[in-house]
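Chemist: here is my input, please return the structure:
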Amino acid sequence: MPDNELPGFLIIGLVLIVADGQILYRGAKRYLNGPDGRAGGGSVAWMVVTVFHLAAIGLLALLAVVAPGWSGSTAAFVGRLGVFLLLMAVAHVLTLSVLARRREDRVVETRYRERETGRADVAGQPTVTPVPGQEGRTPRVSPDLGSQGPYQA
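Modeler: This next block holds a predicted model:
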């Protein structure tokens, strides 16, 4: 790439990376926080978008120095920019898939916690109705009708 095309390619690429990263970050915060609006998704979104920025800047740097035969004309510049946009779209999709998996993990975790708290309430209740005067979860056998003890024939 001639010296006059390299700064233009890098500046255009960096502007596109920063813009896409901001779109990803703002959308990821809302997406990970969920409909109830609870906090906690911002740090995960920041981490994932940081990895996106690093990968996209690395792709930009590689495209700037790879294939020096692609330089010297406007068509070559546009072609290099097109390849960069395609690779950035792939990086965008991969980032969205990571965010979707993280949200799915959070939804499963939340439902598991809700189910466990529901079970704790049930565990304190008796399994059967105890006989009068008896407390607790597992009642003893009530005496038989005769006065000799349980289950004597």
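Chemist: use CA for all of it now, contacts and neighbours both
Modeler: Noted.
Chemist: quick check: buried residues in whatever helix or strand Leu16 lives in?
Modeler: Secondary structure from DSSP states H and E places Leu16 in helix 5-33. Across helix 5-33, burial judged by 16 or more other C-alpha atoms under 10 Å covers 9-10, 13-14, 17, 20-21, 24-25, 28-33.
Chemist: between these, which sits nearest Ala89?
Modeler: Of all the buried residues of helix 5-33, Asp20 has the smallest distance to Ala89: 9.6 Å, by C-alpha to C-alpha.
Chemist: return the distance of that closest one relative to Lys29.
Modeler: To Lys29, Asp20 is 14 Å away according to C-alpha to C-alpha, to the nearest Å.
Chemist: ok, Tyr112 next?
Modeler: 23 Å.
Chemist: which neighbouring elements make contact with the helix or strand bottoming out on mean pLDDT in the chain?
Modeler: Every helix and strand in the chain was compared by mean pLDDT, DSSP states H and E; the lowest is helix 74-123, with a mean of 81. Under the contact definition 3 or more C-alpha pairs under 8 Å, 6 or more residues apart in numbering; DSSP states H and E, helix 74-123 sits against helix 5-33, helix 42-65.
Chemist: out of those, which is closest to Arg101?
Modeler: Closest to Arg101 of these is helix 5-33 (C-alpha to C-alpha; 10.1 Å).
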